[in-house]
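Q: Curious how this folds, go ahead:
(one chain, ligands or ions: 1)
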Amino acid sequence: MPKFYITTPIYYVNDVPHIGHAYTTIAADVLARYRRLKGDDVFYLTGLDEHGQKIMEAAEKKGVAVQTHVDQMAAGFKKAWAALNISNDDFIRTTEPRHEKVVQEFFRRMKENGDVYKGEYEGWYCVPCETYWTETQLRENPKSQVSREAGPNPTAEYVCPDCGREVHKVKEETYFFRLSKYQDRLLKHFAENPDFLLPVSRRNEILSFIHQGLKDLSISRTTFNWGVPIPGDPAHVIYVWFDALINYVSALGDLQEKFWPADVHVMGKEIIRFHAVIWPCMLMSVGLPLPKKIFGHGWWTVEGKKMSKSAGNVVDPVALANEFGVDAVRYFLLREVPFGSDGDFSRESFINRFNADLANDIGNLLHRSLTMCEKYFNGVIPDPKNHKFDDLSKELVHLAEATIGDVDKALNQLAFSDALAHIWKLINLANTYIEKEAPWKVSKAGETEKLAAIIFNLLEVLRIVAILITPYMPSTGEKMLTQLNTLDLRDLAIGKKIANRKIAKGQPLFPRLETK
Ligand code: MSP
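A: Model (predicted):
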């Protein structure tokens, strides 16, 4: 049984989950579910990043103990993922002893290998991004020239080049990791593994970053204590990113031998640098293999604007699922934009897609097909003599066969939207098949053999569609298979096993939504 280990970033617990976090988690879930369907031994990991200055400050702002804060937030994330039907196999929290132990072990091994030394760091730090910046990397603050009231700190001269927020000057004793030592090996790894980092545009960005020269990285902080203490020097806590990346190994415990290296780390584009530069070098230092693939997807905006608490436009994925159904949310996020590109969320585009793709295309196909099976065959799936009865039937059966391979290919490349487009092409062809064959006319003409082929083909195509959409829309897939009475037939081979079963037509899957 091939193994498949997939991860999401571990999210910061300074805030509740929004559709951005849900996007990554759902995408990884689709792939995990698809691989399970194919029979792989899957380990799907998600979790939380609970240390560091940002989390400590968030707790202080709330006026609660940090541990209490992270426990409350963790409960919220777990609840959200359950509500979105996420099938993770484990949930790692960086405050767990099982994690802290492995972080200290990494530090020890890297030190033994001569990759860690003590020194002094002087430079800039962005707390929201938990990132060190050199003076030359900083960006001038456009707002400082425009207006004193413009932002959280319009007087700051320089801001973080990633998030545009204020940076702080830091000068402290620190342990450094010899990142520079691994530059050539890392470049060699990129050259030998063209699929290591995808999409390609991100790969080029990172390569040019590495070519500029890697500097040793500060990996400890002394000005606060919310983190993993350095073994033998507890005045230092491990830098939060260094701590967090190790989760991908620490969560495995006894399963490390079986599942490491990860098959794919999925994340948003803004944190690729940590995963494709720092993390591989850390792994080289401790002598572990590198992850096989890193995929950086695009970012969601909401009605054209960056999602943020201050803008008041944060979309809660659980509220959305309560309103429209979990499956519709999962479907929309993965269908709307190619994985890797940025996307924009609006209620209008959500409702439009719901009505077009779900209510119309798939909902109608199922309902019409089951209704005809009831009407013409008393609800028993007919056994056709020849299911490739005519050219139209041949075309439909061939497309169904091709779709199975196309979806596989697309999902292997994390092309979630393309895979859905292939499935919808099949659904649309099946709808056209009904129009062109006009079963009502075939019935009137008394052509029973042809009618049997048409109804059989429609229901067999629907069974294949149900299986293929299950990773995206688990309960819809299940409902469809229940209505087709083929819950036990989850294989993707087109055949005649469904014949003679009694269907159980239910309510339409996706009643149309009103548009205002
Ligand atoms: N804690 C770090 C990750 C450590 S992994 C070793 C972190 N956490 S985070 O809470 O900020 O989550 C960032 C991730 O959330 C992104 O990489 C992406 O997966 C997801 N997203 C957050 N906002 C997003 C959008 N607006 N759009 C799409 N995904 C977004 O970084």
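Q: Quick check: beta-bridge partners of the closest residue to the ligand within the stretch 201-350 of the chain?
A: Residue of the stretch 201-350 of the chain nearest the ligand, by C-beta to the nearest ligand atom: G268 (2.8 Å). Using the backbone N, CA and C atoms, a C-beta is placed for each residue, glycine as well. G268 forms beta bridges with H297, as assigned by DSSP bridges.
Q: ok, K293 - contacts?
A: The contact partners of K293, by C-beta atoms under 8 Å, 6 or more residues apart in numbering, come to 195-198, 263-265.
Q: follow-up on the earlier one: correct me if wrong: the residue of the stretch 201-350 of the chain closest to the ligand contacts G296.
A: Yes. Taking contacts as C-beta atoms under 8 Å, G268 lies within contact range of G296: 6.7 Å.
Q: Just list what the helix or strand where V70 lies packs against, helices and strands only.
A: Following DSSP states H and E, one finds V70 within helix 66-83. Helix 66-83 is packed against strand 41-49, helix 53-62, strand 90-93, helix 317-324, with contacts defined by 3 or more C-beta pairs under 8 Å, 6 or more residues apart in numbering; DSSP states H and E.
Q: Mind listing residues that contact that helix?
A: Contacts for helix 66-83 (C-beta under 8 Å, 6+ apart): 11, 13-17, 22, 25, 46, 48, 50, 55-56, 58-60, 62, 64, 88, 91, 93, 95, 226, 317-318, 321-322, 326.
Q: and it with the ligand, contact?
A: No. Applying C-beta under 6 Å from any ligand atom, one finds helix 66-83 separated from the ligand by no less than 9.8 Å.
Q: please begin residue numbering at 40 from this point
A: All right, first residue 40 from here; so that's helix 105-122.
Q: residues of that helix that come out buried?
A: For helix 105-122, burial by neighbour count (16 or more other C-beta atoms under 10 Å) applies to 105, 108-109, 112-113, 116-117, 119-120, 122.
Q: tell me the two of the contacts of K332 that are most distant?
A: L236 and D302 (14.0 Å; C-beta to C-beta).
Q: Model confidence for the closest residue to A367 other than its chain neighbours, exactly?
A: Closest residue to A367 apart from its sequence neighbours, by C-beta to C-beta, 6 or more residues apart in numbering: F393 at 5.5 Å. pLDDT for F393: 98.
Q: Relative to H426, how far out is F393?
A: 32 Å (C-beta to C-beta, to the nearest Å).
Q: now E139
A: E139 is 60 Å from H426, by C-beta to C-beta.
Q: Same check on G343?
A: 49 Å.
Q: So the two - more neighbours on which side?
A: Higher neighbour count among G343 and H426: H426, with 21 against 9, using other C-beta atoms under 10 Å.
Q: and the more buried one, helix, strand or coil?
A: Secondary structure, DSSP: H, G, I helix; E, B strand; the rest coil: H426 is coil.
Q: Next, give phi and psi for it.
A: Main-chain torsions, H426, degrees, to the nearest 10: phi -80, psi -10.
Q: Kindly report the same for E151.
A: The phi/psi pair for E151 (degrees, to the nearest 10) is phi -60, psi -30.
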